[in-house]
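In: turn this into a structure:
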Amino acid sequence: MRTLSTIPILLALFSCTGEPVEVEAPVRVENQALGIALAALGDGFELESNEGETLRLVRSAKLPSGRAWFEIGPPSEAGVNLVDAVNEQKELFESLPGGTFSGSRELQMSDGRSAYYSRGQFDEDGERVEEFRITSLHPAANRILRVYYRYPEADDSAERLNDILLLLSEIEALESDAESLQTTD
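Out: Purely as a prediction, here's the structure:
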């Protein structure tokens, strides 16, 4: 008779659920000039600007502040050397006001491409900020794709790295622009 005694509990649970919860579909963001799409923006970032080669995101209002943006390098007929590209980051961080370089690491992306992240801190507008720079091969072209993520310096670097890695996993090539991204201007 144990099953009969659980029926009132189950009925109580079902009656307390209230209205059905609506789940919003993920937002897809495409940028033709960069030749990339973010398959799902997710609930951690919101679109700030998407015009020409400018694709900028800001953190959702309910989360700690931060902003992310994307850049592509020039096409390379000889191939892209990611190690050289990431090694430049040390000098770039240290050239900024109060700049310090915290290191770089290699990543393996979900689509098999290699990438590197670099992290550093510097002063910006009187505030101390931290920045992750992800350097990878563009998914459709022989050129560099960089993703930047800047936020107020705090003790949450590991969480912030997870944020940018999740965003990085959503990057897709826009196949229609693959050929135009390969040409040199």
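In: thought Asp43 was touching Ser60?
Out: Yes. Between Asp43 and Ser60 there is a contact under C-beta atoms under 8 Å: 6.1 Å. Where C-beta positions appear, they are placed from N, C-alpha and C, glycine not excepted.
In: who's more crowded, those two?
Out: Neighbours per residue (other C-beta atoms under 10 Å) separate Asp43 from Ser60, with Ser60 holding more: 15 against 12.
In: bridged to Phe45, which residues?
Out: Using DSSP bridges, the beta-bridge partners of Phe45 come out as Arg59.
In: who touches it in this structure?
Out: Phe45 makes contact with Leu57, Val58, Arg59, Ser60, Ala68, Asp163, Leu167, according to C-beta atoms under 8 Å, 6 or more residues apart in numbering.
In: out of these, which end up buried?
Out: Those of the contacts of Phe45 that meet the buried threshold are Leu57, Val58, Arg59, Ala68, Asp163, Leu167, by 16 or more other C-beta atoms under 10 Å.
In: on the three-state scheme, the fifth one is what?
Out: Right, the one you point to is Asp163. helix (DSSP: H, G, I helix; E, B strand; the rest coil).
In: now it: how far from Gln32?
Out: 25 Å (C-beta to C-beta, to the nearest Å).
In: equivalent analysis for Ser110, please.
Out: Distance of Ser110 to Gln32, given as C-beta to C-beta: 23 Å.
In: neighbour count for those two, which is higher?
Out: Shown here are Ser110 and Gln32; by other C-beta under 10 Å, Gln32 has more neighbours (14 against 10).
In: Leu174 is in contact with the more buried one, correct?
Out: Yes. Proximity of Gln32 to Leu174 meets the contact threshold set by C-beta under 8 Å, at 6.5 Å.
In: which stretches of this protein aren't confidently modelled?
Out: The model of the chain has pLDDT under 70 over residues 1-24, 176-185.
In: quick one, strands of it?
Out: Along the chain, counting by DSSP state E, strands occupy 29-31, 36-38, 45-51, 54-59, 67-72, 100-108, 114-124, 127-137, 144-152, 171-173.
In: tell me which of these is the most buried.
Out: Burial of those is given as mean neighbour count (mean count of other C-beta atoms under 10 Å); strand 36-38 ranks first at a mean of 23.
In: strands paired with it, and their directions?
Out: strand 29-31 (antiparallel), strand 171-173 (antiparallel).
In: how far is the last one from where the chain is centred?
Out: Looking back up the chat, that one is strand 171-173. 11 Å (C-alpha atoms, centre = their mean, to the nearest Å).
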